[in-house]
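Q: okay, sequence plus prediction incoming.
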Amino acid sequence: MITVQNVFKYFGRIPALKDISFEIGRGEIVGFLGKNAAGKTTLMRILTSYLPATSGRVFVGGKDVDKNSLAIRRYIGYLPETPPLYPNMTVREYLKFAAQLKDVPVKHMRSRIDRVLDDCRLLYVQNKPIAHLSKGYKQRIGIAQAIINEPELLILDEPTSGLDPVQIQQVRRLIKDIESKRTVLVSTHILSEIEHLAQRVLIINRGEIIKDESLKGLLAQGGAPPKIRVRFKGERDRVARMMTSLSFSGQAPISCDGETHVLEMEMGEGVTPNDLISPLLAAGIQVLEVKEHPLSLEDVFLRLNPPQPERADE
Ligand code: ATP
């Protein structure tokens, strides 16, 4: 469905994308994850033919995006970071306009608009001017215009950015419904978004793809050991020192309530929780709870993207 070959993009002398290559097959749901300024929007704009690459080639549905710009735009559904809405139009008027732009046949126009209004839970506001609606509604209108042509491929750039928690739930549910029928590429810097929406994750950092992995695989291996969380009564620094000597590392105090502490550490290779409990008890530490927990996507992401000094353009 999408083939990207050795794509570079420069803005002046600044490289926004550096030698990007990947393929996305029909029906895949791919999350495109990266910090701010990683290059997500730039890549999505190239895939949707709104921006030319400096070099490299991109094929969508078998067509070269450079040579088939208009056809590609009609073929896909694209929700840009800021949806191109016209505030004076009503929702229905705007969707009709979007359908015309995408060459939806006149005989299907009305039924298609009714369907996306229903799918995107917009029927109730269909005759209101867009200017009068909340950001959550506007985002759903953005998604509605993206699917008005029934695209096989949907590209969503940060679809829940700037929404409140209730709106985020609504938009995620909507995307979930849409996903079942299409190939979807969704960009975000919010890790929970990926966990909710995607099956495969491409992690981009400073213009380069540094990981291309299934969500399950990423969480399973992550290149890192699981963590252990210990709740105990006793001297925190002493326990931390003991844990370090027993091959636990990366001390992170989670909480402290009087003399009860919670410490979290990574487990060294081959180490089990039992290797910790006996020595702690033998040392007179009152162990209240020991919990092993797998890596979260956040842990994996931070491991792959360790904090770096900020650049002027971030
Ligand atoms: P965000 O999550 O903040 O939207 P992003 O991962 O989408 O970030 P891009 O918007 O693709 O990142 O930006 C990648 C880099 O390219 C950044 O350094 C950005 O400043 C630069 N950039 C993007 N668009 C332009 C432009 N039109 N002119 C100059 N530089 C640009």
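A: Yep, it's here.
Q: quick one: contacts for the nearest residue to Ile175 once chain neighbours are set aside?
A: For Ile175, ignoring the flanking residues on the chain, the nearest one in space by Cβ to Cβ, 6 or more residues apart in numbering is Leu197 at 5.9 Å. Bear in mind the C-beta positions are built from the backbone N, C-alpha and C, glycine included. Shown in contact with Leu197 (Cβ atoms under 8 Å, 6 or more residues apart in numbering): Ile29, Gly31, Arg172, Ile175, Lys176, Glu179, Val184, Val186.
Q: please, which helix or strand holds the third one?
A: Using DSSP states H and E, Arg172 falls within helix 165-179.
Q: report the buried residues of stretch 178-192.
A: Of the residues in stretch 178-192, Ile178, Glu179, Arg182, Thr183, Val184, Leu185, Val186, Ser187, Thr188, His189, Leu191 count as buried by neighbour count, 16 or more other Cβ atoms under 10 Å.
Q: what residues are up against the residue nearest the centre of the chain?
A: Computing the C-alpha centroid of the chain and ranking residues by Cα atoms, centre = their mean puts Thr188 first, at 3.4 Å. Applying Cβ under 8 Å, 6+ apart to Thr188 gives the contacts Gly31, Phe32, Leu33, Lys40, Glu158, Pro159, Thr160, Ser161, Ile194.
Q: among those residues, which one has the lowest pLDDT?
A: Ranked by pLDDT, the contacts of Thr188 bottom out at Ser161 (77).
Q: just checking, that residue touches Glu81?
A: Yes. The criterion here is Cβ atoms under 8 Å, and Ser161 meets it with Glu81 at 6.9 Å.
Q: out of the contacts of Thr188, which one sits closest to the ligand?
A: Nearest to the ligand out of the contacts of Thr188 is Lys40 (Cβ to the nearest ligand atom; 3.5 Å).
Q: where along the stretch 1-150 of the chain do the strands fall?
A: Under the criterion DSSP state E, counting those that start in this stretch, the stretch 1-150 of the chain carries strands at the ranges 2-11, 14-24, 29-33, 55-60, 63-64, 76-79.
Q: output these in a markdown table; the columns should cover distance to the ligand and mean neighbour count.
A: Shown next, in a markdown table, are the strands of the stretch 1-150 of the chain (distance: least, Cβ to the nearest ligand atom, whole Å; neighbours: other Cβ atoms under 10 Å):
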| stretch | distance to the ligand | mean neighbour count |
| --- | --- | --- |
| strand 2-11 | 3 | 17 |
| strand 14-24 | 3 | 17 |
| strand 29-33 | 9 | 25 |
| strand 55-60 | 15 | 18 |
| strand 63-64 | 22 | 14 |
| strand 76-79 | 13 | 25 |
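Q: thinking again about what came up before, so which of the buried residues of stretch 178-192 sit within strands?
A: In this view, the buried residues of stretch 178-192 that belong to strands under DSSP state E are Thr183, Val184, Leu185, Val186, Ser187, Thr188.
Q: these into CSV, with extra columns for pLDDT?
A: Listed next are these as CSV, based on pLDDT from 0 to 100:
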residue, pLDDT
Thr183, 90
Val184, 90
Leu185, 92
Val186, 91
Ser187, 89
Thr188, 83
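Q: what is the most widely separated pair among those?
A: Thr183 and Thr188 (17.0 Å; Cβ to Cβ).
Q: residue contacts, the residue lying closest to Leu17 once chain neighbours are set aside?
A: In this structure, Leu17 finds its nearest non-sequential neighbour in Lys9, 4.0 Å apart by Cβ to Cβ, 6+ apart. Lys9 is in contact with Pro15, Ala16, Leu17, Gly39, Thr42, Leu43, Ile46, Leu51, Ala53, Thr54, Gly207, counting by Cβ under 8 Å, 6+ apart.
Q: output the lowest mean pLDDT helix or strand found in the protein.
A: helix 297-304 (a mean of 70; mean pLDDT, DSSP states H and E).
Q: which parts of stretch 237-247 are buried?
A: Val239, Ala240, Met242, Met243, Ser247.
Q: same check on stretch 210-217?
A: Result for stretch 210-217 [16+ other Cβ under 10 Å]: buried residues Lys211, Glu213, Leu215.
Q: ok, now which ones touch Ser214?
A: So Ser214 contacts Gln199, Arg200, Val201 (Cβ under 8 Å, 6+ apart).
Q: if we use 10 Å, what do you get?
A: Ala198, Gln199, Arg200, Val201, Ala220 (Cβ atoms under 10 Å, 6 or more residues apart in numbering).
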